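[1] return a 3D structure for these sequence lines:
(one chain, ligands or ions: 1)
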Amino acid sequence: MVNVILGGAGFIGSNLVRFLMACGEKVIVIDNLSNGSKDFLPKNFPGELFFEYDLSNPLSSELLEKLKLLHNSEELTIWHLAANSDIQKGTEDFAVDFHATLGTTLSALNLATRIKTHSLIFASSSAVYGDHGDRPLDENVTDLRPISNYGVMKLASELVIQNYSVVNPHIKIRIYRFPNVIGLPLTHGVLRDFHSKLKSKPQNLHVLGNGEQQKPFMHVDDLITNMITLNSTSALNEVFNLSSKDDGVRISEIAEIMIDNFSPTTKPVYQTTPQGWIGDIPKYSFDTNKSISHGAASILSSRKAVEKVVAQLKSLT
Ligand SMILES: NC(=O)c1ccc[n+]([C@@H]2O[C@H](COP(=O)([O-])OP(=O)(O)OC[C@H]3O[C@@H](n4cnc5c(N)ncnc54)[C@H](O)[C@@H]3O)[C@@H](O)[C@H]2O)c1
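    Reported below is the predicted structural model:
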């Protein structure tokens, strides 16, 4: 089995590379290193299987030729993880997600067409749903109204992939809507923000929003295990929510855990707004019954996932 991981040098991608290599699979990475690093890849990752390339551009014939040679007619899976992961950046500049989140999807589909592909896996997001408060969101919700450009371009990517699937029904499609995924290396997100702010042992930790935001968090190890399980189910085309099975954890709780562990004298300071930034969804709840009924395993709770990352961070120091 050959796996081409678009965005494979990022946080989730590099963990996936490590997992697949440990299973004895061949892995090829394409990444423009805008938010990833070759240093995140396992030490024994073969340099000739890494391609630095901006996938928001059309695929060059040179890259395609090289990939065809490496593919060698083995069964091929494309994991499309390349995207902008900074929602605020996409709010400031509309072009960011248009290129990095949707443009890369067009390259993923072009690649699937040009190199005989068995399956295409897309890293989508809870952001496609928009702000529905406490309402548990399942995969059949049709009221999809993302409130960030990132979410809009993830939803557009989903639709383009579904349309592609109509004309390419033999390609197995998995669209996974991720919650907040955490683990090492920290490339973005609340844990990275708090961890970097607490390094200087400041008097105050400035938290974005009023701290009441409550979201499901999932450890990257659980995310990968569950994707592998759900990839092997028989249906050709499925959309799955992936998440821990709880109501999530509050940002104020995470601030307390991080302060306790990294700078106990620091005091948290909150804003008055419920949102941390434009496009932030203060509270959401995933209905994960579908993924569980298809074999997704019971996993760490949101809080335990946070504590696991904190322990991992502490073991580095
Ligand atoms: N981490 C989360 O909480 C989360 C939640 C929902 C969805 N996702 C999705 O999962 C995927 C992986 O996220 P992550 O957390 O690992 O983020 P990340 O930023 O660490 O990884 C994304 C990778 O894509 C690469 N990339 C970006 N634009 C590219 C381009 N134009 N061409 C080639 N490579 C490009 C980056 O360099 C980076 O290595 C993304 O699609 C993200 O939207 C992540």
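[2] briefly note if the top helix by length along the chain comes near the ligand.
    In the chain, ranked by residue count with DSSP state H as the criterion, the top helix is helix 149-167. No: Helix 149-167 lies out of reach of the ligand by CB under 6 Å from any ligand atom, never closer than 6.7 Å. (Each C-beta comes from the backbone N, C-alpha and C, glycine too.)
[3] which of the residues in that helix are buried?
    Neighbour-count burial for helix 149-167 flags 149-158, 160-161, 164-165 (criterion: 16 or more other CB atoms under 10 Å).
[4] okay, the residues you listed in JSON lines with distance to Leu186 next?
    Listed next are the buried residues of helix 149-167 as JSON lines, based on distance: CB to CB, whole Å:
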{"residue": "Asn149", "distance to Leu186": "23"}
{"residue": "Tyr150", "distance to Leu186": "19"}
{"residue": "Gly151", "distance to Leu186": "22"}
{"residue": "Val152", "distance to Leu186": "26"}
{"residue": "Met153", "distance to Leu186": "23"}
{"residue": "Lys154", "distance to Leu186": "21"}
{"residue": "Leu155", "distance to Leu186": "26"}
{"residue": "Ala156", "distance to Leu186": "28"}
{"residue": "Ser157", "distance to Leu186": "25"}
{"residue": "Glu158", "distance to Leu186": "27"}
{"residue": "Val160", "distance to Leu186": "30"}
{"residue": "Ile161", "distance to Leu186": "28"}
{"residue": "Tyr164", "distance to Leu186": "33"}
{"residue": "Ser165", "distance to Leu186": "34"}
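[5] quick revisit: counting by contacts, list what the longest helix of the chain packs against.
    Helices and strands touching helix 149-167, by 3 or more CB pairs under 8 Å, 6 or more residues apart in numbering; DSSP states H and E, are helix 87-92, helix 94-97, helix 104-114, strand 119-125, strand 172-178, strand 237-241.
[6] worst mean pLDDT among these?
    When the helices and strands packed on helix 149-167 are ranked by mean pLDDT, helix 87-92 comes last with a mean of 90.
[7] that one close to the ligand?
    No: Helix 87-92 stays clear of the ligand (CB under 6 Å from any ligand atom), getting no nearer than 9.3 Å.
[8] list the buried residues of that helix.
    Ile87, Gly90, Thr91.
[9] just list what that helix packs against, helices and strands only.
    Against helix 87-92 (3+ CB pairs under 8 Å, 6+ apart) you get helix 94-97, helix 149-167.
[10] one step back: most tightly packed of the helices and strands packed on helix 149-167?
    strand 119-125 (a mean of 23; mean count of other CB atoms under 10 Å).
[11] next, the angle strand 237-241 makes with that one.
    30 degrees (axes from the mean of the first three to the mean of the last three CA atoms, to 10 degrees).
[12] name the element the closest residue to Tyr53 other than its chain neighbours belongs to?
    Nearest residue to Tyr53 in three dimensions, chain neighbours excluded: Ile30, at 5.2 Å (CB to CB, 6 or more residues apart in numbering). Assigned by DSSP states H and E, Ile30 falls within strand 26-31.
[13] and the helix or strand following that strand with the ligand, contact?
    Per DSSP H and E, the first helix or strand lying C-terminal to strand 26-31 is strand 50-52. No: Strand 50-52 stays clear of the ligand (CB under 6 Å from any ligand atom), getting no nearer than 8.4 Å.
[14] dump the helix or strand that strand 50-52 is followed by to CSV, restricted to CA.
    For strand 50-52, the following helix or strand on the C-terminal side (DSSP H and E) is helix 61-71. C-alpha atoms of helix 61-71 as CSV (Å, rounded to 0.1, in the frame of the first residue of the first chain):
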residue,chain,number,x,y,z
SER,A,61,4.1,17.4,-14.9
GLU,A,62,7.5,16.9,-13.3
LEU,A,63,6.0,16.1,-9.9
LEU,A,64,3.4,13.9,-11.4
GLU,A,65,6.0,11.9,-13.3
LYS,A,66,8.1,11.4,-10.2
LEU,A,67,5.0,10.3,-8.2
LYS,A,68,4.0,7.9,-11.0
LEU,A,69,7.4,6.2,-10.8
LEU,A,70,7.2,5.8,-7.0
HIS,A,71,3.6,4.6,-7.2
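[15] now helix 61-71: buried residues?
    For helix 61-71, the neighbour count (16+ other CB under 10 Å) marks Leu63, Leu67, Leu70, His71 as buried.
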